[in-house]
Structure formats: structure tokens, C-alpha cells
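Undergrad: Output the structure for:
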Amino acid sequence: MMKKAKIYKPNKTAMQSGLGKIDKWILEFETKDPTKNPLMGWESSSDTYSELKLEFSSKELAINYAKKKKIDFELIEPKKRKVVKKSYADNFLN
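TA: Below is the predicted model:
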């Protein structure tokens, strides 16, 4: 049996204002037993799966890949954006 993974759609970074290039889905394995490096204090792991991130163009492709490879996965759906349409004139009407 493979390790547990999560399938999610990444959030845009603070440097992105538009919605371009956020249409991919990521399959990422969960890290087991992270340890703290005594010299530098960094978190590290001997688990090489934690370094693996697979990108898919759709949610269905990611799910099909996980099922085909018998990977136990958790699907994290993106939150819906609430768009409020406003006009420039609304700044002066109140």
C-alpha cells in the first residue's frame, strides 16, 4: 500500500493579482515523522515521498492517477470566490 496523499488546487500567491495559471491540481504525499535537524534547526525527513509534487491539468486526471497507482488520497476542494461587482461611481454615492 502506498502512502496517503492529498489532491488540491493551490492558492494564488500574494504576488498574483489575476487568476491566470492557477488551473492545475497538485497530488502531494503527506510527510511521516518529520525530525528537526539539531545543527540548523530545519525540519527534515528521511521520507523521499515528501519531496514529490505531481501536477495535473484537471481534478479527474489526478484522481484517476491515484486510483490507478492504488494511492490512498484525500480530496481538498477549493473554496468558491465571492465576487462583488462594484462600479467606480459607488465610491461617491454613499
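
Undergrad: Tell me, how many residues neighbour the closest residue to Ile76 other than its chain neighbours?
TA: Distance criterion Cβ to Cβ, 6 or more residues apart in numbering; nearest residue to Ile76, sequence neighbours excluded, is Tyr8 at 4.0 Å. Where you see a C-beta, it was placed from the backbone N, CA and C, and this is true even at glycine. Using other Cβ atoms under 10 Å, the number of residues around Tyr8 comes to 17.

Undergrad: for the one 3 residues further on, same thing?
TA: Using other Cβ under 10 Å, Asn11 has 10 other residues around it.

Undergrad: ok now do it, which residues does it touch?
TA: Asn11 sits next to Ile22 when contact means Cβ atoms under 8 Å, 6 or more residues apart in numbering.

Undergrad: got a pLDDT number for it?
TA: Per-residue confidence at Asn11 stands at 80 (pLDDT).

Undergrad: can you tell me how far it sits from Lys69?
TA: In this view, Asn11 and Lys69 are 26 Å apart by Cβ to Cβ, to the nearest Å.

Undergrad: Quick check: the residue nearest to Ile76 touching Ile22?
TA: No: using Cβ atoms under 8 Å, Tyr8 and Ile22 do not qualify as a contacting pair, with a distance of 11.6 Å.

Undergrad: Just the endpoints, please. Distance across stretch 81-92?
TA: End-to-end distance of stretch 81-92 (Cα to Cα, to the nearest Å): 26 Å.

Undergrad: Helices of the protein, residue ranges please.
TA: Chain-ordered helices for the chain, with DSSP state H as the definition, fall at 59-68, 90-93.
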